[in-house]
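Visitor: What follows is a predicted structure for the sequence shown.
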Amino acid sequence: MADTANKYKGKTPFQLSLMRLGRNRGAMLCLAVVVLYILMAFVSFSDWGGLQGKAHDFDLDHRFVKPFTDPSHIFGTDSFGRDVFARAVIGTRIALFLGFTTGLIMIPLAIVLGALSGYYGGWVDDIIIYVMTVIYSIPGLLIIMSLVQVMGASFLVIAFAFGVTGWVGLGRVIRGAFIQAREYEYVLAAKNLGASDGRIIFRHIVPNVTHFVIVRFVLNFVSVIKSEVTLAYVGLSIIGVPSWGNMIDLSKTEIMAGNWQNMLAPTVFMFLFLVALNIFGDALRDALDPKLKNVL
Amino acid sequence: MNEKNRNLLEVYDLKKHFPVKAGIFRRTVGQVKAVDGISFSIERGKTFGLVGESGCGKTTAGRTLIALYEPTDGEMFFDVAPEIIARMRELERQVRSGDLTHEAEWRELKARHDIYSFGKKELRAARSDFQMMFQDPFGSLNPRIPVGDIIAEGLDIHKVYESKNQRKERVEYLMEATGLDPSYINRYPHEFSGGQRQRIGIARALALEPKLLVLDEPVSALDVSIQVQILELLNRLKSELDLTYLFIAHDLSVVEYFSDEVAVMYLGRIVEIADRTSLYENRFHPYTKALISAVPVPDPETKRRRILLEGDVPSPINPPPGCHFHPRCAQCMDRCRKEMPPLKEIRPGHKAACWLYE
């Protein structure tokens, strides 16, 4: 008994959350899958096992190899004889790049604007809420498509487009949390000690919204990868680079002829990654939720 | 007048109205008059009690007083010489009545001495003189910061130490002074009990050596046995550190035990104000009578005549006309429904706002 009590002494609530998360085996397994994907994204830069050649070179003698029939092409080949497994591995890089970059654009935007809006209220709030509502009322894909049209199709532009449309939801949540936190007694106490607005916002309130941010960052991958597929399907992604979206786009002409290889590989890759990420994101949210402290 | 006996704080006509907004254009459709013109002064070294039911505006009054909420109207002089205050009141009367010859002087004095006219930076610097201790032992400490840093927050903000060691010594001194074990310096708030958390709140408030401490129901969330410990601690600190208290509470027995002077609030206004003995013995205002009659007496043999109040506290958005208390008052007269009674001295040092004593 004394030992268990000692184990928790002097630990930050965040450390306790991580301990809870560490005990969750399913979540740890999913984390391992996610780490594997990250490694895969780095490996895709190398030519390990002739990866680049398999993914890019035409091999017209081996077109439309069906999945699971040829050990050298596990998931089969496409209309040019390229190995779809190798292409999906390279596609991982783009999916992860988009997920991370979008998060890095979206999260600072959401924190700063949400914080300003919720903390100061008044006309600052009115303006920011107006901007949020405008972005929210236009279908996201429409904004993204027009941005890509105007600025040209590159993955950075796509990430930027996802970022400027994606921050609204998180920004609203953060605004709400700030409105609530503004009246917390410890925030009033800090104010009374003479703390500046910046100190109150970043030292006392932002730590209260980190769990929203982390969860949103994780779940953001899901929506970005889905959107990239949609974008590629309507022909607005980058041609010539194997992304999951591109592959699914190509498969639309082949699938009626019974060639489902191009559909299979990205779907399997995406499915595994998104499931693992989702479960991990959920577990992370539960672990960071102080209300569930004693349950897990 | 010598330094010792002069008023540490004088507040005049303090008001805090919260606008009520409605409709698409967020038009202001009404005002919640949470604090509606209260004036009082606190003598240096004394404890001033502020009592009233829940919702009467006492917490808002405390928070507005120390400018945590921006006051709608009012003036607050903190540790200002009485001659200056008298001069300012005189000038203000002149300016308000249309005589603008001394307006510039008045404005200048106001900017220099009235806390509510201070700029943002000056106010931030002035805040170290008046600190607050909060009601909720759980909500008043940031759960993600170790107690040592919570206590040192004020020291960090005002940079009042030269070395890390000095900071640590100060924090340990404060922890010891408030009855906490200094070895707990790196622990987190969730590892402490309610009483200990209130001690942490006291230590944090004392870090900057304030002159005034606003105690916002400091013990109402604690067990009775712990309440006494905290009150004893506050009493000891008061004499040791030469503090002055504004004590906000709803528990009249605690207020009687703890305060030198008591003001009773009802719906944003002070209805009676007197020193403790006079208030508890004489109780002029019918509301004060009802409140005091509700204090339980720990003796089953005593027959008490409890004055029961009917109804609830009326809405501060739409308070009843005349005396705010008249719908619940047993001695209500015609006049009470029409005119608001002023706070008048009934005996030396004892003021009440009631038409019965006209």
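Guide: Nice, thanks for sending it over. For clarity, every value in this text was computed on a predicted model and none was experimentally measured.
Visitor: show me what contacts the closest residue to A:Ile205 other than its chain neighbours?
Guide: Distance criterion C-beta to C-beta, 6 or more residues apart in numbering or on different chains; nearest residue to A:Ile205, sequence neighbours excluded, is A:Ala181 at 4.6 Å. For every residue, glycine as well, the C-beta is placed using N, CA and C. Neighbouring residues of A:Ala181 by C-beta atoms under 8 Å, 6 or more residues apart in numbering or on different chains: A:Gly118, A:Val187, A:His204, A:Ile205, A:Asn208.
Visitor: try 7 Å
Guide: A:Val187, A:Ile205, A:Asn208 (C-beta atoms under 7 Å, 6 or more residues apart in numbering or on different chains).
Visitor: Also B:Ser41?
Guide: B:Asn7, B:Leu9, B:Glu10.
Visitor: Narrow those residues to those in strands?
Guide: B:Asn7, B:Leu9, B:Glu10 (DSSP state E).
Visitor: what's the lowest-pLDDT member of those?
Guide: Ranked by pLDDT, the ones in strands among the contacts of B:Ser41 bottom out at B:Asn7 (86).
Visitor: beta partners for the nearest residue to that one once chain neighbours are set aside?
Guide: Among residues not flanking B:Asn7 along the chain, B:Ser41 sits closest, at 4.4 Å (C-beta to C-beta, 6+ apart). Note on B:Ser41: beta-bridge partners by DSSP bridges are B:Glu10.
Visitor: State the distance from B:Ser41 to chain A.
Guide: Distance of B:Ser41 to chain A, computed by C-beta to the nearest C-beta, to the nearest Å: 21 Å.
Visitor: if we can go back for a sec, okay, the contacts of B:Ser41 in TSV with neighbour count next?
Guide: Shown next, in TSV, are the contacts of B:Ser41 (neighbours: other C-beta atoms under 10 Å in any protein chain shown):
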residue	neighbour count
B:Asn7	19
B:Leu9	24
B:Glu10	19
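Visitor: Nearest residue to B:Glu92 in space, please, no chain neighbours.
Guide: B:Trp106 (6.1 Å).
Visitor: In this structure that neighbour contacts B:Arg93, no?
Guide: No: with contact defined as C-beta atoms under 7 Å, B:Trp106 and B:Arg93 do not form a contacting pair (9.9 Å).
Visitor: who's more crowded, the two?
Guide: Using other C-beta atoms under 10 Å in any protein chain shown as the criterion, B:Trp106 and B:Arg93 rank with B:Trp106 on top: 21 against 11.
Visitor: Secondary structure class of the residue nearest to B:Glu92, three-state.
Guide: helix (DSSP: H, G, I helix; E, B strand; the rest coil).
Visitor: what sits against it?
Guide: Residues near B:Trp106 by C-beta under 7 Å, 6+ apart: B:Met88, B:Leu91, B:Glu92, B:Val95.
Visitor: Inside helices: which ones of those residues?
Guide: Those of those mapping onto helices are B:Met88, B:Leu91, B:Glu92, B:Val95, per DSSP state H.
Visitor: Pick out whichever of those residues sits closest to chain A.
Guide: When the ones in helices among the contacts of B:Trp106 are ranked by distance to chain A (C-beta to the nearest C-beta), B:Met88 comes first, at 25.4 Å.
Visitor: pretty sure the closest one is touching B:Glu108, no?
Guide: No: in this structure, B:Met88 is not within contact of B:Glu108 by C-beta under 7 Å, at 10.2 Å.
Visitor: out of all of them, which helix in the chain is the longest?
Guide: I'll assume chain A. helix A:84-120.
Visitor: look at chain B instead
Guide: Max-length helix for chain B by DSSP H is helix B:224-241.
Visitor: So which elements touch it?
Guide: helix B:194-206 (3 or more C-beta pairs under 7 Å, 6 or more residues apart in numbering or on different chains; DSSP states H and E).
Visitor: Show me what the helix it packs on is packed against.
Guide: When contacts are defined as 3+ C-beta pairs under 7 Å, 6+ apart, helix B:194-206 packs onto strand B:130-133, helix B:147-158, helix B:164-177, helix B:224-241.
Visitor: tell me the most buried of those?
Guide: Ranked by mean neighbour count under mean count of other C-beta atoms under 10 Å in any protein chain shown, the helices and strands packed on helix B:194-206 are led by strand B:130-133, which reaches a mean of 26.
Visitor: Show me what that strand packs onto, helices and strands only.
Guide: Here strand B:130-133 touches helix A:185-192, helix B:194-206, strand B:212-216, going by 3+ C-beta pairs under 7 Å, 6+ apart.
Visitor: what angle separates the last one from helix B:194-206?
Guide: So that's strand B:212-216. On the basis of axes from the mean of the first three to the mean of the last three C-alpha atoms, to 10 degrees, strand B:212-216 is oriented at 150 degrees to helix B:194-206.
Visitor: thinking again about what came up before, give the buried residues for the longest helix of chain A.
Guide: Buried residues in helix A:84-120, counting neighbours by 16 or more other C-beta atoms under 10 Å in any protein chain shown, are found at A:84-103, A:105-107, A:109-111, A:113-119.
Visitor: any idea which residue sits dead centre in the chain?
Guide: In the absence of a named chain, this looks at chain A. A:Phe221 (1.9 Å; C-alpha atoms, centre = their mean).
Visitor: try again with chain B
Guide: For chain B, B:Gly62 is the residue whose C-alpha lies nearest the centre (C-alpha atoms, centre = their mean; 3.7 Å).
Visitor: you'd agree that one is in a helix?
Guide: Yes: according to three-state DSSP, B:Gly62 belongs to a helix.
Visitor: Please give me every residue in contact with it.
Guide: B:Val214, B:Asp216, B:Leu246, B:Ile248.
Visitor: among these, which are in reach of chain A?
Guide: The subset of those within reach of chain A, counting by C-beta under 7 Å from any C-beta of the partner chain, is empty.
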